[in-house]
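Chemist: everything below, folded, please.
(one chain, ligands or ions: 2)
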Amino acid sequence: MSGDRGSKDILAEENKEDREKLVGMLKKAYWMEIETVMSYVANSVNPDGVRASEIKESLQTDIQEELGHAQQFAARIKELYGVVPGSKEFTAEQDYLQPPEEQTDIPAVIRGVIQAEAGAIGFYNEIIEFAGEHDPVTEDMMIAILRDEQGHMRLFEGFLREYEAEGLA
Ligand SMILES: [Fe+2]
Ligand SMILES: [Fe+2]
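Modeler: Numbering: from 1, shown residues only. Ligands and ions are numbered 1, 2, ... in the order given. Got it, this is the predicted structure:
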């Protein structure tokens, strides 16, 4: 098999274009995770009130998972001959996870988290679709991470249902 790298081999020279597209998607996913870490750190500290602690604790746990996702994306960018971007390339996009006016406004935080997770789920499904055709290793990694994001979203959807049921959201 010397030198004959299959057409499905994402590291093969002939697949450079697909590989670079995938690296671009992974860079975007990397920044989404980094921004989510920033937003969750703030929102795991800012909220006030007796109802805030469950949300804060849950976000504290998620911070570590999101950071782990960012590290996995960074590693995969490198494996695909890419370069993990420096901080000056970062542009913030999470308008919906800025601190609310009132730090007792827990539903605002919950809705922001749901939006962040839904955004990740949507984009990671796009990566899975592309990687499914070109790079099963990235596809495999993305599927595992997608499951984490689905778990995060479902948990916060449950929090929102509770607030809605009690007429608080
Ligand atoms: Fe994540
Ligand atoms: Fe998440």
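Chemist: in terms of pLDDT, where does the residue in the chain that ligand 1 sits nearest to sit?
Modeler: Sorted by distance to ligand 1 under Cβ to the ion, the residues of the chain start with His69, at 3.7 Å. C-betas here are computed from N, CA, C, even on glycine. As predicted, His69 sits at a pLDDT of 98.
Chemist: so what's it closest to, chain neighbours aside?
Modeler: Spatially, and ignoring its direct neighbours in sequence, His69 is nearest to Glu33 (4.7 Å; Cβ to Cβ, 6 or more residues apart in numbering).
Chemist: name the residue of this protein that lies nearest to ligand 2.
Modeler: Distances from the chain to ligand 2, computed as Cβ to the ion, single out His152 as the nearest residue at 3.8 Å.
Chemist: from what I see, that residue and Val113 are in contact.
Modeler: Yes - in terms of Cβ atoms under 8 Å, His152 counts as a neighbour of Val113; the distance is 7.3 Å.
Chemist: thinking again about what came up before, can you give me the buried ones in the helix or strand where the residue of the chain closest to ligand 1 lies?
Modeler: Assigned by DSSP states H and E, His69 belongs to helix 52-79. Applying a neighbour-count criterion of 16 or more other Cβ atoms under 10 Å, one finds 52, 55-56, 58-59, 62-63, 65-67, 69-70, 72-74, 76-77 buried in helix 52-79.
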